[in-house]
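In: prediction below, plus the sequence it came from.
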Amino acid sequence: MTENTGILIDALLNKASLKQFIFRNTINNFEMLKVELKDLINVIQTSIKEKNTNIAANYKEESAFEVQIQIGGDLLVFSMHTNVFNFDENHFIHKSKYVEDDIANSYCGMIEIYNFLADSLKYQRVNDTGYLIGRIFINRENHFIVEGKGQMGFLFNDFGSQILTKEIFENIVEIAILYCIEFDLWAPPMEQIQEITVLDKIQQAGTIAHKTSKRMGFDMNFKK
């Protein structure tokens, strides 16, 4: 074994250990997020059941790494990615003293938030689309940033000092839900839905054969 081989092995062990620690830490935070989602759904159910029993408010765990909540006609999917990420060298977090002091602080786990129409899954409309509305990045010390739509795009950008807590998770979830509620379904132009295939009609008999989504040309924005 050469000197370079030893350096390579040490670097590999250090990087692997760091990523394993971040992965486990992200799992712990995802479990905390699940508790917040359950509690919020219980509060919503209690608050609306005497006023309108037709409004859905449900919580469902699809797997260890995916949770769904339905609020009215919206379905929010919270998905934990199993990999650990860094950011390109031009990303603003690399300009913070926190990361400049230790590059290991820039490695993060990620939780994604998607918005679907609840009917898309209920009726298995496989051509329908959902939208990524937010991403939560969490490092080994629970420092975090959020990129996304609406207030998520600018409220949580102080990576050097922000520490993820139960209360912050609750705030992020409520902002995400409010954004989805206000993000209305628009009827697409007729030119976009003039034709359907026979296969589409057969496969989705009794439902809607056309692709349904809240918007066309939806882009993720991130404001520093």
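Out: That came through fine.
In: the longest helix along the chain - contacts with which helices or strands?
Out: When secondary structure is assigned using DSSP state H, the longest helix within the chain turns out to be helix 3-48. The elements that helix 3-48 packs onto, with contact taken as 3 or more Cβ pairs under 8 Å, 6 or more residues apart in numbering; DSSP states H and E, are strand 57-63, strand 66-71, strand 74-80, strand 109-117, strand 131-138, helix 166-182. C-beta here means a position set from N, CA and C on the backbone, and glycine is covered the same way.
In: just how off-centre is it within its chain?
Out: A distance of 14 Å separates the C-alpha centroid of helix 3-48 from that of its chain, computed with Cα atoms, centre = their mean, to the nearest Å.
In: confidence score at Asn127?
Out: Per-residue confidence for Asn127 comes out at a pLDDT of 76.
In: mind checking the SS state of it?
Out: Reducing the assignment at Asn127 to three states with DSSP: H, G, I helix; E, B strand; the rest coil gives coil.
In: what's around it, how many residues?
Out: Each residue near Asn127 was counted by other Cβ atoms under 10 Å, and the total is 15.
In: now swap in the one 5 residues further on and tell me
Out: Burial of Leu132, expressed as a neighbour count using other Cβ under 10 Å, amounts to 17.
In: bridged to it, which residues?
Out: Note on Leu132: beta-bridge partners by DSSP bridges are Tyr114.
In: kindly report the same for the one 4 residues further on.
Out: Applying DSSP bridges to Ile136 gives these bridge partners: Ile111, Val146.
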